[in-house]
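K.L.:
have a look; sequence and predicted model below, questions after that.
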Amino acid sequence: MPVPVDSLRRAVRFEDGSLVFEVVVKPEAGVDRLLLVEGDLVFETVEPGVRGRPEAALKRLLARILNVNPGMVEVEALRGSSRRTVRVSLGGGDPEEALERLAGAVEPGV
């Protein structure tokens, strides 16, 4: 069951025509999926936490969800965070449409 767009809207922002948000990455999970947990976006992936593999998996998943070229999805690791957090920027296209597609793929967390 996807999350409501309004719930997801609190976790994202619009910058220069792009949809921008932060995602907590949790490698070595049982499945690749996006969750909304207490207002934070969380990406669980089967990938091990080495050499950017979780970030690459997130980029592929977002490109598939949004039906865009993976080059339109930027994933940048945030330094100085105690959690494994990345900043995602989705350029090109309509950011509101991207938000709706994203909401359709994000599951409510526990």
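P.N.:
Thanks, I have the structure now.

K.L.:
what about the helix or strand containing residue 103, distance to the chain center?
P.N.:
Using DSSP states H and E, residue 103 sits within helix 95-105. From the chain centre to the centre of helix 95-105 is a distance of 11 Å (Cα atoms, centre = their mean, to the nearest Å).

K.L.:
any idea of the mean pLDDT in that helix?
P.N.:
Averaging pLDDT along helix 95-105 yields 93.

K.L.:
next, the buried residues of that helix.
P.N.:
For helix 95-105, burial by neighbour count (16 or more other Cβ atoms under 10 Å) applies to 95, 98-99, 101-103, 105. Yep, even glycine has a C-beta here, placed from its N, CA and C like the rest.

K.L.:
settle this for me: residue 102 is touching residue 64, isn't it.
P.N.:
No - in this structure residue 102 lies outside contact range of residue 64 using Cβ atoms under 8 Å: 11.6 Å.

K.L.:
what do these two both touch?
P.N.:
Between them, residue 102 and residue 64 share no contacting residue under Cβ atoms under 8 Å, 6 or more residues apart in numbering.

K.L.:
quick one on the thing from earlier: adding distance to residue 42, write the buried residues of helix 95-105 out as CSV.
P.N.:
Output for the buried residues of helix 95-105, formatted as CSV (distance: Cβ to Cβ, whole Å):
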residue, distance to residue 42
95, 21
98, 19
99, 17
101, 18
102, 13
103, 15
105, 13
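
K.L.:
for residue 8, see how far away the residue minimising distance to the centre of the chain is.
P.N.:
Against the mean C-alpha coordinate of the chain, by Cα atoms, centre = their mean, the closest residue is residue 23 at 5.4 Å. Taking Cβ to Cβ, to the nearest Å as the measure, residue 23 and residue 8 are separated by 12 Å.
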